[in-house]
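Student: generate coordinates for the sequence data below:
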Amino acid sequence: MSSQNQGRVKNRAPAPIQISAEQILREAADRQEQHVLDPIVKIHDAEEYQSHLRDRRKHFEDNIRYRREHIGNWVKYARFEEDNRDFERARSVFERALEVDVRNPELWLRYAELEIRNEFVNRARNVLDRAVQLLPR
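Tutor: Numbers count the residues shown, from 1 in each chain. Down below sits the predicted model:
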């Protein structure tokens, strides 16, 4: 195509139906699917809480079994354990993830951030030392 024809409009007649930008935006908003939030679980006693944790852990383990190499599943699982203040389990999840992909710098950083967020500075230092030894330059 020549450079002369690129900027030219072929049909300058107005469209039979005029529509404004506001109408386009309103229609787009109407057609969007509603975002469904997960139901909030109300827990009344310790037994129910333990049952809830067991179910969530099973869900995470199933996700990991389904896509073992997907690092996001591992990180979400570790974050879940961190949110429940079970740091040993969170560390265990990260260590298992490192067995799958020891060369992933993102995984090492997330692991160290977990330790730093929870003020385990020496553990974070140990994680970073291991990462520096194992990752290529």
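
Student: do you know how far Tyr66 is from Val132?
Tutor: 32 Å (Cβ to Cβ, to the nearest Å). (Glycine included, C-beta is placed from N, CA and C.)

Student: check Gln23 too.
Tutor: Taking Cβ to Cβ, one finds Gln23 at 57 Å from Val132.

Student: can you check Asp86 too?
Tutor: Distance from Asp86 to Val132, by Cβ to Cβ: 28 Å.

Student: same check, this time on Trp108
Tutor: Separation of Trp108 from Val132 (Cβ to Cβ): 9 Å.

Student: neighbour count winner among these two?
Tutor: Taking other Cβ atoms under 10 Å, Trp108 and Val132 do not tie; Trp108 has more neighbours (21 against 10).

Student: leaving out the residues flanking it, which one is nearest to that one?
Tutor: Ala131 (3.8 Å; Cβ to Cβ, 6 or more residues apart in numbering).

Student: can you pull the contacts of that neighbour?
Tutor: 105, 108-109, 112 (Cβ atoms under 8 Å, 6 or more residues apart in numbering).
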